[in-house]
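Any chance you could fold what I've pasted below:
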Amino acid sequence: MKEGITVPVVNFRVRVQNEEGEYGWADMHTDDIFKGKKVAVFSLPGAFTPTCSEYQLPAYEGAHKEITKYVDDVYCISVNDAFVMNAWADSLDIEKIKMIPDGAGNLPERWACWSINQNKILACDHGDTL
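Below is the predicted model of the structure:
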């Protein structure tokens, strides 16, 4: 991916837990993720697949402290809905990596030079790729 490409405007439907422990729907916008921050975002092809679950996602969780020496937040995006992404993170005790459910594949569709079916990591500064 070329340096300086701006992250496209995309809205994600997520499930968030309120203070009473109940889950409800909310919108997460690309500005919520990227604006005003340095962010690392990586894609994995599918939740609960053997390689992604046994090696890749846990490795990013384990490397979170090292990665956040250079960025503010670390996100995992995958073409799964919010229920699946939350269950996947819970099943692996993922606490530091923030999950982005992109069930429709909207981000890579609009980010023309990136396929979510590839395992890639990108660094973004205030919404522009580095």
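
element containing Met99, please.
Following DSSP states H and E, one finds Met99 within strand 98-101.

What mean pLDDT does that strand get?
The average of the pLDDT scores along strand 98-101 is 93.

low-scoring pLDDT stretches of this structure, where are they?
1-4, 108-130 (pLDDT under 70).

What segments of it are helices?
Secondary structure of the chain by DSSP state H: the helices cover 30-34, 50-51, 57-62, 64-67, 82-91, 106-110.

out of those helices, which comes closest to Cys76?
Among those, the nearest to Cys76 by CB to CB is helix 57-62 (6.4 Å). Bear in mind the C-beta positions are built from the backbone N, C-alpha and C, glycine included.

For the strand holding Met99, C-alpha coordinates in CSV please.
Output in CSV follows, covering the C-alpha atoms of strand 98-101 (Å, rounded to 0.1, in the frame of the first residue of the first chain):
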residue,chain,number,x,y,z
LYS,A,98,-9.6,-4.2,19.5
MET,A,99,-11.8,-6.1,17.1
ILE,A,100,-13.4,-4.6,14.0
PRO,A,101,-16.3,-6.7,12.6
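
related to what we said a few turns ago, closest to Ile5 out of the helices of the chain?
That would be helix 106-110 among those, by CB to CB, at 11.1 Å.

Thank you, goodbye.
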